[in-house]
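Trainee: just need the structure, nothing else, for what follows:
(chains A and B)
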Amino acid sequence: MIAPDLLEKHGLTSEEYERIVQLVGREPNMTELGLFSVMWSEHCSYKSSRRHLKTLPTDGPQVVEGPGENAGAIDIGDGLAAVFKIESHNHPSFIEPFQGAATGVGGILRDIFTMGARPIASLNSLRFGPLDDPRTRRILKGVVAGIGGYGNAFGCPTVGGEVVFEPCYAGNPLVNAFNLGIAEIKGIFRGRADGVGNPVLYIGAKTGRDGIHGATMASAEFGAGSEEKRPTVQVGDPFMEKVLLEACLEALATGAIVGIQDMGAAGLSCSTAEMAARAGNGIEIDLEHVPQRETGMSAYEIMLSESQERMLLVAEAGREKEIEEIFEKWDLHAAAIGRVTNDGRLRVTHGGKIEADVPVTALTDEAPVYDRTWTEPANPAATEDPLRDPPPADLGRTLLELLATPNLASKRWVYRQYDSTVQTNTLVGPGSDAAVVRIKGTHRALAISLDGNGRYGWLDPRAGARLAVAEACRNVVASGARPLGATNCLNFGNPEKPDVMGQLVTAIEGIGEACRTLGTPITGGNVSLYNETDGTAIYPTPVIGVVGLIENAARVLQSGFRETGDRVVLLGATRADLGGSEYLRTIHGRVAGPAPRLDLDVEKKLYELVLAANEAELLRSAHDLSDGGLGVALAECCLASTSGLGGQFELEGQRPDVLLFSESPSRMLVTTTTVEALMSLSREHAVPCAVIGVVGGDRLQIGISATESPAIDVTLSELREAWMCLEHRLTDVRN
Amino acid sequence: MSARSVGVVVFPGSNCDHDTEYALSSVCGAIVRMVWHRERDLAGLEAIVVPGGFAHGDYLRTGAIARYSPVMTSVQEFAAQGGPVLGICNGFQILQEAGLLPGAMLRNQHVQFLSQPVSIRVERNDTSASAGLEVGQELTIPIAHGDGNFYLPDGELDRLEANGQVVFRYAGDSADANPNGSARRIAGVCNRERNVVGLMPHPERAAEDALGSSDGRFILDAFLAWRAA
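Mentor: Residues are numbered from 1 along each chain as shown, chains lettered A, B, ... in the order given. Presented below is the predicted three-dimensional model:
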């Protein structure tokens, strides 16, 4: 009989244990208990979120591969697919920032090239505690160096992302890594163990004792002592991964490979069980043949190790030699560790002894699914009046203060540590609305954006999720791309608490609503729960990655002002949406008020207008309006101007703080030389359209309701000085 | 003039090999052969590029393992016969380790990887990668490296300058102009014979206007046109 404390160590409840006994038909041994522990962990089984995730829209004519495989895929024309996914590495990155973040990048890269795609673009979404906390700076520096260290050596450019600072992430940073690769649709591979009798091959790094129970760790809250969990964090080797990529793509091209899956969370356990389950087969492996880095490893340790840079392949019987030769060329070894069987069981032998023998589906499909109790979120802060505070007297100073907050300041200090130009596809790199990469051999390009807003989510999880989808889509549209598909990373607290579960449930509903209307099916993603430290949860933070297609790469739009005399036009309506805004937080120290109202049909109309206007060559530049509102967006257009251009603007309205800093969605700032044509197109699309100023000079001047002197009058160098503050703060402080 | 046949050396861990191949063939019109690091046969090739990346993971020290790959013996022979050889970024570091180019690379001055466009000034136009360019011409080309801080002791730097072996220097006077802290702002050097050139910036990443700059083509085209005197 297994003792209760042993179950607790394995993150299993006594009810779950009883279910295991029933499914296996007897008491499991230690190795089997280990298998169930990792496969039934929240991280691998999605047991709290699964029933809700099923409600997400996943279909569309463009969808080549929906959720369930290693990554999703959408059709981008010319017989090609964009293969992409986002994944979290929050817990390991808190415990060991450099390796935690590095292996997060490594894991998502493997998910992509496992599908037969060559990774061409990485992005990441990072959230930390306050920047003036030395611990935050240590974690930030480690995470950024880890992401760069892995991605740069691997040779996949990091082209964009987001970096956010909020106190709620101090003890639980978020590190979400996204990757996109390109594959021929007919050359997409799946993680299936088809063909009874086919050999199961192990490729890549040797198995060691690192990362044992990483998946279980990622499924528990942090408390005192979490920083002592370093041995459960894996160590990455980007060189091995790069070699693995080249060798795998070469091997996949032979046609001798039936199925392939990377060994990520739960290592050999998960890859064998999932591959067998998808094909409705069984797998038997002999651990004697598994390459090992250390001597004396037990079956339990080998099966649960999360050593990095390992792949599991199922090959066509009789063609092993062909595959072996390719891996030898790359100084890798393909070890035959077992074969596909027809009995639906995962059988593991070690030294002639059967160490595990369980039905594959017991580990996968039969994993528990919980309908956890949840309560409708109701945050009292959301009922506060966001207009309670009077507008500041010196609006120019307010704008500079906003630009100098870490959330809005330039992130150059971060992204210049990432190789953003390798592979020579980067048309628009980091620091823009969306990243844009071209597809060599075609005229097309892809725009990608990752977005989330924890403050909105805390005030209203459903609204926060809808706004995150809309912002990611809007960023992609601002680059001239039509949004085609999305991936999500759901970062939440402990789902066993009804209020946290309520956040998760309503956020998923919100994502579904937005994705349905905006035409971006969810093709995959990741759920990260238990993001709590000492009982306090992070803000509910769904991060959405949206991928869009630009048919003509010469039509890519950027945000910077281009030429003196260009008219600046605000598309969309500004309402008093100061709730949850960066302005309210930075200037008045409050996270309060209702999250901005989003009408998805209005949002969609804006996209159609901007895409049609770009098609008709009416636009010189475009910039999404989001955090910081119109005032910050105007400053950003000046700062992004390669010609160093400012502009003069007139805004009509009562409250200057609303005009300048409201975060109403469904708005975009564009420049044009053909105002009349744009106005008429806007009327056709029923989108509000107002000429608010003109590009020129080296100052940003904003007048409000025809006052005599401008409410804001600052030079571009003042703007730049404020905006580059993060760089100064991080470069000067040595740890 | 018929298209040149160029070899691009590929080590395990090279990651700019495809980019270099693309720029040389699709943009500049050369005929490119990828040369695996275990090959020794460079017959028929008129020029050799050692591309960027992290050959052998840059473990031990950048370029330290790659220099022992069989292909490097052939590259050394090729260079000794006057053949043009261009090392870009990690390729530059490998040529230094192989003794084909002077100097060593230290960690960047702020100990961070740096990925950004830089401006470089052409110092010599009598080398295989700069013939035909104008001395004083400034080129905008990206860098992306962690170890690009060129180092030689002062006396040797003087000799390098006296021999006219400094081919490119980081230009401009802003704080960012020489971001890695290279001695005498050196971005690229050549051997005494001028047929072997190495530089840290990536000309293959600046070979088309769509990528923000096509200044890198000046270097690639010069290299493809170069004939030993």
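Trainee: so A:Glu241 touches A:Trp330, yeah?
Mentor: No - taking CB atoms under 8 Å as the definition, A:Glu241 is not a contact partner of A:Trp330, at 11.8 Å. The C-beta positions use only the backbone N, C-alpha and C, and glycine is treated the same way.
Trainee: which bits of the stretch 501-650 of chain A sit near chain B?
Mentor: A:553-554 (CB under 8 Å from any CB of the partner chain).
Trainee: ok and the residue in the stretch 501-650 of chain A nearest chain B?
Mentor: Of all residues in the stretch 501-650 of chain A, A:Ala553 sits closest to chain B, at 6.9 Å by CB to the nearest CB.
Trainee: list the contacts of that residue.
Mentor: A:427, A:438, A:443-445, B:210 (CB atoms under 8 Å, 6 or more residues apart in numbering or on different chains).
Trainee: residue ranges with poor pLDDT in the chain?
Mentor: All of this is about chain A. For chain A, residues meeting the criterion pLDDT under 70 lie at A:1, A:213-232, A:706-707, A:732-735.
Trainee: I was thinking of chain B, sorry if that wasn't clear
Mentor: Within chain B, the ranges that satisfy pLDDT under 70 run B:1, B:228-229.
Trainee: I'd like the contacts of A:Ala553 as a markdown table, with neighbour count appended.
Mentor: As requested, the contacts of A:Ala553 are exported to a markdown table (neighbours: other CB atoms under 10 Å in any protein chain shown):
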| residue | neighbour count |
| --- | --- |
| A:Leu427 | 22 |
| A:Arg438 | 22 |
| A:His443 | 14 |
| A:Arg444 | 18 |
| A:Ala445 | 26 |
| B:Ala210 | 16 |
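Trainee: just the closest of those to A:Val360, please.
Mentor: If you rank the contacts of A:Ala553 by distance to A:Val360 using CB to CB, A:Arg444 comes first, at 40.5 Å.
Trainee: would you map the helices across chain B?
Mentor: Assigned by DSSP state H, chain B shows helices spanning B:17-22, B:70-80, B:90-97, B:154-162, B:216-225.
Trainee: no wait, the stretch 551-700 of chain A
Mentor: According to DSSP state H, counting those that start in this stretch, the stretch 551-700 of chain A carries its helices in the segments A:582-588, A:600-615, A:629-639, A:656-661, A:675-684.
Trainee: now the third one - C-alpha only, PDB.
Mentor: What follows is the C-alpha trace of helix A:629-639 in PDB, where atoms were taken according to Å, rounded to 0.1, in the frame of the first residue of the first chain:
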ATOM      1  CA  GLY A 629      -3.600  56.000 -25.100                       C
ATOM      2  CA  LEU A 630      -3.400  58.600 -27.900                       C
ATOM      3  CA  GLY A 631      -0.800  60.800 -26.200                       C
ATOM      4  CA  VAL A 632       1.700  58.000 -25.800                       C
ATOM      5  CA  ALA A 633       0.900  56.700 -29.300                       C
ATOM      6  CA  LEU A 634       1.700  60.100 -30.900                       C
ATOM      7  CA  ALA A 635       5.000  60.200 -29.000                       C
ATOM      8  CA  GLU A 636       5.800  56.700 -30.200                       C
ATOM      9  CA  CYS A 637       5.100  57.700 -33.800                       C
ATOM     10  CA  CYS A 638       7.600  60.500 -33.400                       C
ATOM     11  CA  LEU A 639      10.200  58.300 -31.700                       C
END
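Trainee: contact residues of chain A facing chain B?
Mentor: Counting by CB under 8 Å from any CB, the residues of chain A near chain B are A:145, A:148-149, A:152-155, A:237-240, A:242-243, A:246, A:330-331, A:415-424, A:426-427, A:438, A:440, A:553-554, A:731.
Trainee: picking up where we left off before, of all the helices of chain B, which lies closest to A:Val547?
Mentor: Nearest to A:Val547, of all the helices of chain B, is helix B:17-22, at 22.3 Å by CB to CB.
Trainee: residues in contact with the closest one: which ones?
Mentor: Contacts for helix B:17-22 (CB under 8 Å, 6+ apart): A:422-424, A:440, B:8-10, B:32, B:34, B:49, B:51-53, B:88, B:202, B:204-205.
Trainee: now the buried members of those residues.
Mentor: Among the contacts of helix B:17-22, those buried by neighbour count (16 or more other CB atoms under 10 Å in any protein chain shown) are A:422-424, B:8-10, B:32, B:49, B:51-53, B:88, B:202, B:204-205.
Trainee: among those, which are in strands?
Mentor: Judged by DSSP state E, the subset of the buried ones among the contacts of helix B:17-22 located in strands is B:8-10, B:32, B:49, B:88.
Trainee: distance check, B:Val189 against chain A.
Mentor: 23 Å (CB to the nearest CB, to the nearest Å).
Trainee: what's the separation between the spatially closest residue to that residue that is not a sequence neighbour and B:Arg192?
Mentor: Nearest residue to B:Val189 in three dimensions, chain neighbours excluded: B:Gln165, at 5.2 Å (CB to CB, 6 or more residues apart in numbering or on different chains). Here the criterion is CB to CB, to the nearest Å. By it, B:Gln165 lies 7 Å from B:Arg192.
Trainee: kindly report the same for A:Glu684.
Mentor: Per CB to CB, A:Glu684 is found 69 Å from B:Arg192.
Trainee: cool, A:Ser581 as well?
Mentor: Per CB to CB, A:Ser581 is found 63 Å from B:Arg192.
Trainee: neighbour-wise, which of those two wins?
Mentor: Neighbour count, other CB atoms under 10 Å in any protein chain shown: between A:Ser581 and B:Arg192, A:Ser581 has more, with 30 against 11.
Trainee: tell me the contacts of that one?
Mentor: Contacts for A:Ser581 (CB under 8 Å, 6+ apart) come out as A:386, A:593, A:627-629, A:661-663.
Trainee: which positions in chain B make contact with chain A?
Mentor: When proximity is defined as CB under 8 Å from any CB, chain B approaches chain A at B:12-13, B:15-16, B:18-19, B:22-23, B:52-54, B:56-59, B:110, B:112-116, B:142, B:144, B:146, B:202, B:204-205, B:207-208, B:210-211.
Trainee: quick one, which of these are buried?
Mentor: Buried, going by 16+ other CB under 10 Å: B:12-13, B:15-16, B:18-19, B:22-23, B:52-54, B:56-58, B:112-115, B:142, B:144, B:146, B:202, B:204-205, B:207-208, B:210-211, out of the residues of chain B next to chain A.
Trainee: all set now, cheers.
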